[in-house]
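Asks: 3D, please:
(chains A and B)
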Amino acid sequence: MSYKIEEAFNECFERLSAGESLDSCLSDYPQYAAELDLMLRTSFDIKRRAYPIQPRPEFKYWSRVRLQGVQDYVSRQPVQVKPGAFNLRRNLAISMAALLVFVVASSGTVAASSEAMPDDPLYGVKIAVEQAQVTFALSDVDRAEVYAHLAEKRAGEIVAMARQGKTDKVVTTTAKMDYQLAQAEQFISKYEESYADTTGGESAASTTPSTAFSAPAPTTVMPPEKSAATTVVPGGQQGNVTLPPRPLPPATRSAININRAKNTMNASTAKSLAVLQNALEKAPDSAKPALLEVIRRTKIANERAQQQLNLNNSQQALPPAIKPNIVPAIPADKPKYIPPRNNSLNPSEPRPFNKPNLPNVLPQGGVNNQTNTVKNSDDNNEADSRYNQTQTSPNLRLPIKVNPVVK
Amino acid sequence: MLIEEQVVQRAVNGDREAFTYIYDLHFDKIYRYIYVKVHSQAEAEDLTQDVFIKAYEAIKSYKWRDLPFTAWLFRIAHNRVIDHVRKTSKEKRAPLEEAGAISSGDPVHMTEQNFEIYQLKDALERLPDAQREVATMRFISELSITEVALALGKSEGTVKALQFNAVASLRKLLYGKFDVV
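Replies: Numbers count the residues shown, from 1 in each chain, chains lettered A, B, ... in the order given. Reported below is the predicted structural model:
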């Protein structure tokens, strides 16, 4: 029975959407008429409420322009071949591209095109050289940085075009800038994802350069037997002694790379924004709407870059106690004998005699105790429980009737 | 359907005009679908753009026989929203923004519209995931039962059941406090 009313509801909804009247549909299902009536009115009320949700016309226009820009740009991109163990075609393409770049560079065209503007005949050469830069970038994170710099260049070109009142060039260059910013973000995300895969899902930002230098377990920050760097400071000076840096593990290098790319992205978008905002006053009136839209978009990109960076930094902001690389100097009044390293973390084992009074730097609850509360899940649970309550409430009355609005 | 299939095939073969036609056809639906799932207009706009750029990048590998185009496009939108929510859940989420309906000129009418949209978004947020997904695709983006079923990878019977339950729940959430008879 339950299955049938669902079927009946769906059929009536389709029929009403096609223009049939409510009564004619309900008359086909007299056994469900009362319930179907309410349910159908609700469903059309939902449609009515959602109807005014429409994209802003200017956004729709700009989005289309951007898509066309992407189409232009992608159609000029070299075909990417998936890397294999030995890929002759790819190697050949790289060699040819290198040769081409060399020949073109030697002819001086590249130098001449470096300052080319979108309305310049040499602009195509400039774009080709930029594409070569992207192709030759060694990693995704390098590619992201290249794209961020290119987007900054586009901002400069937009300003130049806006000053000359060439609105069409502003629009096409904006599309290019948008694409390059999106690519930069995408390559950072891609690098982060590949990084997370290799570290078993650990967030890239959570492994930071600062933690990389930290000792594996703070309670073991005891000087090794024959380490020159950890001998007692002569005269027991007050201050800190820095342990020599250890070689960075690959995970840390990845985290540094991501941070660097995010910083570049943030700096590039901030610079672009400043340049565009300065140009707004001097631009002719005809170019101002286009320029305002570019500023709006760059602002969003900058805010996003800022958020990413802040997120990164907030995850890096670990309690100072877990940065035990700085070992306090042993005070002058303490004995100068340094006991052998106690590698055991077992607290029940006896500690060596005359141990220097080093602080226990292990934070309460461990290093990774900072959890990001996902507000949504709690909300959902609460909402589900509320929902269940309403469903089981014996006093539930039928709701008011709402006039359906059929388009 | 046949015409749409032909247009999509042209787009798959690299016809830019065909893709622009597809874009015009689905843009508003995708925007509405995303808008009710995120917290601000700016987020919805960014994600809508991303969906079409991703679709453009991936369309060469699209095959109609595997999945109708609308269902394929909404799968991209669905995945993009999930990625976005996963990313932003790490940050402190902003409260629901005042809804941004298209301007009708009359401020009173606009306020009423915005409030109704706000209520709708709030009610949808309280639904279980599967019901919310079906209700959004069916009543807000106006997809057919078949398209919803294919986009979500569920049977049509399941989608109909979810649709019915979603409407029942939304009725209680939207009018529960004011039910008269």
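Asks: and the helix or strand of chain B with the lowest mean pLDDT, is it in reach of chain A?
Replies: Within chain B, confidence by mean pLDDT, DSSP states H and E is lowest for helix B:2-12 among all helices and strands, at a mean of 84. No - Helix B:2-12 lies apart from chain A when judged by Cβ under 8 Å from any Cβ of the partner chain; the minimum separation is 10.9 Å. Using the backbone N, CA and C atoms, a C-beta is placed for each residue, glycine as well.
Asks: Give me the distance from that helix to the chain's centre.
Replies: In terms of Cα atoms, centre = their mean, to the nearest Å, the centre of helix B:2-12 is found 22 Å from the chain centre.
Asks: quick one: buried residues of it?
Replies: Buried residues in helix B:2-12, counted by 16 or more other Cβ atoms under 10 Å in any protein chain shown: B:7-8, B:10-12.
Asks: tell me the domain ranges of chain B?
Replies: Annotated domains of chain B cover B:1-93, B:106-176 [automatic domain parsing].
Asks: ok, then the element right after the least confident helix or strand of chain B?
Replies: Once the chain leaves helix B:2-12, the next helix or strand it forms, by DSSP states H and E, is helix B:16-35.
Asks: I'd like the mean pLDDT over that next one, please.
Replies: Within the predicted structure, the mean pLDDT of helix B:16-35 is 92.
Asks: residue boundaries of the helices in the chain?
Replies: Assuming you mean chain A. Listed in chain order, the helices of chain A (DSSP state H) span A:2-17, A:22-28, A:33-50, A:57-76, A:88-106, A:109-113, A:123-136, A:140-163, A:167-198, A:209-212, A:250-282, A:288-316, A:375-392.
Asks: wrong one, I was asking about chain B
Replies: Counting by DSSP H, the helices of chain B are B:2-12, B:16-35, B:41-58, B:69-88, B:107-125, B:129-135, B:145-152, B:156-175.
Asks: what angle sits between the third one and helix B:69-88?
Replies: So that's helix B:41-58. 130 degrees (axes from the mean of the first three to the mean of the last three Cα atoms, to 10 degrees).
Asks: does any part of helix B:41-58 sit near chain A?
Replies: Yes - using Cβ under 8 Å from any Cβ, we find that helix B:41-58 touches chain A at B:41-42, B:45-46, B:48-50, B:52-53, B:56-57.
Asks: ok, now which ones touch residue 140?
Replies: In the absence of a named chain, this looks at chain A. Contacts for A:D140 were tallied using Cβ atoms under 8 Å, 6 or more residues apart in numbering or on different chains; they are A:187-188, A:190-191, A:194.
Asks: look at chain B instead
Replies: By Cβ under 8 Å, 6+ apart, the contact list for B:I140 reads A:46-47, A:50, A:53, B:32-33, B:36.
Asks: What of A:I94?
Replies: Listed by Cβ under 8 Å, 6+ apart, the contact set of A:I94 reads A:T135.
Asks: roughly how far apart are it and A:E145?
Replies: A:I94 sits 20 Å away from A:E145, going by Cβ to Cβ, to the nearest Å.
Asks: okay if I get the helices of chain B as CSV plus distance to A:R64?
Replies: Formatted as CSV, the helices of chain B follow (distance: least, Cβ to Cβ, whole Å):
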stretch, distance to A:R64
helix B:2-12, 15
helix B:16-35, 7
helix B:41-58, 9
helix B:69-88, 16
helix B:107-125, 25
helix B:129-135, 28
helix B:145-152, 24
helix B:156-175, 32
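Asks: Could you tell me the least trusted of these?
Replies: Lowest mean pLDDT within the helices of chain B: helix B:2-12, at a mean of 84.
Asks: near chain B, which residues of the stretch 201-350 of chain A?
Replies: So far as Cβ under 8 Å from any Cβ goes, the stretch 201-350 of chain A lies against chain B at A:300, A:307, A:311.
Asks: Indicate the residue of the stretch 51-200 of chain A located nearest to chain B.
Replies: A:P52 (3.6 Å; Cβ to the nearest Cβ).
Asks: Now do the phi/psi pair for that residue.
Replies: Here is the backbone geometry of A:P52 (degrees, to the nearest 10): phi -70, psi -10.
Asks: next one: the one 3 residues further on
Replies: Comment: the main-chain dihedrals of A:P55 come out as phi -70, psi 150, following degrees, to the nearest 10.
Asks: shouldn't it be in contact with B:D28?
Replies: Yes - counting by Cβ atoms under 8 Å, A:P55 touches B:D28, with 6.3 Å between them.
Asks: quick one, what contacts B:E133?
Replies: With Cβ under 8 Å, 6+ apart, B:E133 has these contacts: B:78, B:152, B:162.
Asks: among those, who's most crowded?
Replies: Within those, neighbour counts (other Cβ atoms under 10 Å in any protein chain shown) peak at B:L162, which reaches 24 neighbours.
Asks: from memory that one sits against B:R132, does it?
Replies: No - with contact defined as Cβ under 8 Å, B:L162 does not count as touching B:R132 (9.4 Å).
Asks: Quick check: chain neighbours aside, which residue is closest to A:Q68?
Replies: Sequence neighbours aside, A:A175 is the residue nearest to A:Q68 in space, at 6.6 Å (criterion: Cβ to Cβ, 6 or more residues apart in numbering or on different chains).
Asks: Chain B versus A:E7, what's the distance?
Replies: Distance of A:E7 to chain B, given as Cβ to the nearest Cβ, to the nearest Å: 6 Å.
Asks: tally of neighbours for that residue?
Replies: 16.
Asks: B:V159 is in contact with that one, correct?
Replies: No - judged on Cβ under 8 Å, A:E7 makes no contact with B:V159 at a distance of 11.6 Å.
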